[in-house]
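1. can't give you the sequence, but here's the structure:
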């Protein structure tokens, strides 16, 4: 969790090299990710974390921030729907979670404690994705 001690620093500072400005024809998403790398970690919102995790940017710094939020509110609606930050986080590559084994274990505990009714309200395929993250067999499809 020592990555959380850098709330006043940006990903450009913590995750070198600094990125060059996006190309003039860069997509909105690319421009957004570049901008988010210049925001102090303490100012990143849940939607920002979801975007950075989905784009696999600086995961050793971003995942701890997301897990901190998800421990408090596992089905947090970051931007698109209830549980979107959770599903994005559990979809992060196993190699990223391997660098953060304690955080991964904490999130697995949170996921394991979710009521079936809450999981049933998530988008199609979410239950399988959560089960994969926890390491359980996927529930049967209905």
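-> It's in. Please read these numbers as outputs of a predicted model, since none were measured by experiment. Numbers count the residues shown, from 1 in each chain.
2. and the helices in the chain?
-> Under the criterion DSSP state H, the chain carries helices at the ranges 11-14, 28-36, 46-54, 59-72, 84-90, 94-98, 101-112, 116-120, 126-134.
3. residues making contact with the shortest one?
-> Think helix 11-14. Contact with helix 11-14 is made by 3, 6, 18-19, 36-39, 41, 52, 57-58, 61-62, as judged by Cβ atoms under 8 Å, 6 or more residues apart in numbering. Where you see a C-beta, it was placed from the backbone N, CA and C, and this is true even at glycine.
4. go again using 6 Å as the cut-off
-> 6, 18, 37, 38, 58, 61 (Cβ atoms under 6 Å, 6 or more residues apart in numbering).
5. show the average pLDDT along that helix.
-> The predicted model assigns helix 11-14 a mean pLDDT of 96.
6. from residue 72, how far out is residue 43?
-> 18 Å (Cβ to Cβ, to the nearest Å).
7. quick one on the thing from earlier: dump the contacts of helix 11-14 to JSON lines, plus distance to residue 131.
-> Listed next are the contacts of helix 11-14 as JSON lines, based on distance: Cβ to Cβ, whole Å:
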{"residue": "6", "distance to residue 131": "33"}
{"residue": "18", "distance to residue 131": "39"}
{"residue": "37", "distance to residue 131": "33"}
{"residue": "38", "distance to residue 131": "37"}
{"residue": "58", "distance to residue 131": "27"}
{"residue": "61", "distance to residue 131": "27"}
